[in-house]
Structure formats: C-alpha cells, structure tokens
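In: Sequence below, structure please.
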Amino acid sequence: MQSSRHCAAVGRGSNMRRHEICTACHYSSVQASATAAPVASAGPSCESCHGKASGWIDVHSDYGGPNAKREAESAAHKAQRIQRAAAAGMIWPSNLYAVAENCLSCHFMGRADLPADTVAKMIQAGHPPGSSFELVRYSQGSVRHRFYPPDTTRNAQMTPAELSRLFLTGQAAALVQTSGPQGRSPNAKLQKSLDDTRSAARAAIDAVKAQVPEAAALLARPTPETARAFVAALASRDYTAQVGARLPAPASYK
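Out: Purely as a prediction, here's the structure:
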C-alpha cells in the first residue's frame, strides 16, 4: 500500500498503526487505563477535531447531576460546563477557529513535532504535500452534525451567510499557519502547497476589508490574536457577496 511506503520511508517498519508519525494524524488512539500505552484503534474520529476526550468527557456529559437531562440544564450550569470542558482540553464546536487550527495541523503537515527531514522523506515516498483542506468542504459533508434546538432531530445545513463566515474563519486559520515558522519548508513541493494556500487565504480576507476593519490587521500581522479578532468581528453578517464565488460547491464536500 502507498501509505505503508510513506511510513517505511521514515523508518520503523511499514505498519501505520505502530508508527507514531502516522498515527498522530491518521488514527485515534485509546488507552486501556490511565497508565497504559496508547493504541491506535480507528481512523480519524470526534477526538481528531475536538481533542482527546479522556480529560473532558465526564465534564461535557454532566448537565447538573447524575440524573440531569440536557433539556433541563440551566444557562449558568451550561456556561460553567463549557468553561470547564474547554479547560480540560475540549475544542468546542462553537469555537470554529480552534477547530480549524487543529484540523490544519495535520492537513498542512504543520505539526510542531513533525521534523522537516521526516516530511521530506514522506513526500519523496509519495505522501501528498499538504492537502486541499478547506473548512467548509471538510466540515459540511459526511461529518456535519448540527442537531440544535428547537429541532434536535434534524442535521441542519448552514445558511449562505453562515457558510461565508465559516469559510472566512478557515481562511484566517490557514493564513496564520502558513505565515509562521510552520509555513516554511525546505521541501519544494510542500512549500508550493503552503504558498498557494497562503495566497488564496490573503485574497479571501482582502475581499472583506471594507466590511471588516480587523482584516487589515490580520493581513499585516497574521497571528492567532489578530485572527481571533477578525473572526469575532465577522459577527452575524453575510459575506456571500464578497466571498460566495470562492466557496466550494456542495458536490465537492467531503
């Protein structure tokens, strides 16, 4: 298998499940106990996007006591639960910028623990230099889960306005990641992928400068702080007129 060649290229055999470089992105790991070594058990899962659940799942599932139901949870308890779960490592679905950051660390081969020489060997063996990851395309297809009140039985699709804001959020995260140290690579193929992504992100964000003053600061200094300020400023407005043509077609959703 091609994936086996990618692993073999960086040593330690060709079994992806036994190679920490491969499992970090391609698998979800479980532990039989708190002291047991992690074992790759399945492909990407909820934890791939929202963080390892061992630290926060109990907090996330507590709606006010052993027999409390989500529907009866008080607003104060929900706010506390969200804060405590986030502190324990949960990346909340509502924190779309953090979700995008997490996804991009694998899709752009930008993890801090992925050495440049390892990346070069993987690409030499045929591993794609980054990916065509874009937040709308990858979040609104097979993994879409929007079971929100009042209709909690319907997996609601986003409105065009929501899609425009989600798209810009993903572009902000992409610009930050490809503008920092992780956006520079000695590998020509990976560098081209990063450069193309950065160029597209800058163009998308530039398209809303007139509507979102925070865009200028993000373009001048792409940092997590300026990106979060930009995303917060998107608020509830509709940017379809500015970026609608850049959004992926629904037929291309993953």
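
In: Look at Ala172 and say how many residues are nearby.
Out: Counted with other CB atoms under 10 Å, the neighbours of Ala172 add up to 30. To be clear about C-beta, it is placed using only N, CA and C from the backbone, and glycine gets the same treatment.

In: What helix or strand is it located in?
Out: helix 160-179 (DSSP states H and E).

In: Can you list the buried residues in that helix?
Out: The neighbour-count check on helix 160-179 (16 or more other CB atoms under 10 Å) flags 162-179 as buried.

In: from what I can see Phe230 touches Ile205, true?
Out: Yes. Contact criterion CB atoms under 8 Å: Phe230 and Ile205 qualify, at 7.3 Å.

In: Find residues that contact each of the two.
Out: By CB atoms under 8 Å, 6 or more residues apart in numbering, Phe230 and Ile205 have these common neighbours: 168, 172, 215, 218.

In: and the closest residue to Ser28 other than its chain neighbours, how many neighbours?
Out: Closest residue to Ser28 apart from its sequence neighbours, by CB to CB, 6 or more residues apart in numbering: Ser45 at 4.1 Å. By other CB under 10 Å, the residues close to Ser45 number 15.

In: Arg221 now?
Out: Around Arg221 there are 12 residues (other CB under 10 Å).

In: cool, Thr153 as well?
Out: When neighbours are counted by other CB under 10 Å, Thr153 comes out with 5.

In: Cross-check the contact I'm expecting between it and Phe147.
Out: Yes. With contact defined as CB under 8 Å, Thr153 counts as touching Phe147 (7.0 Å).

In: Quick one: the helices in the stretch 1-150 of the chain, in order.
Out: If you assign secondary structure with DSSP state H, counting those that start in this stretch, the helices in the stretch 1-150 of the chain sit at 2-9, 20-26, 46-50, 57-60, 75-87, 96-107, 116-124, 135-139.

In: now these in a markdown table, with mean pLDDT and distance to Lys209?
Out: Putting these into a markdown table (pLDDT from 0 to 100; distance: least, CB to CB, whole Å) gives the following:
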| stretch | mean pLDDT | distance to Lys209 |
| --- | --- | --- |
| helix 2-9 | 61 | 40 |
| helix 20-26 | 85 | 34 |
| helix 46-50 | 88 | 30 |
| helix 57-60 | 92 | 38 |
| helix 75-87 | 95 | 31 |
| helix 96-107 | 92 | 19 |
| helix 116-124 | 84 | 34 |
| helix 135-139 | 96 | 20 |
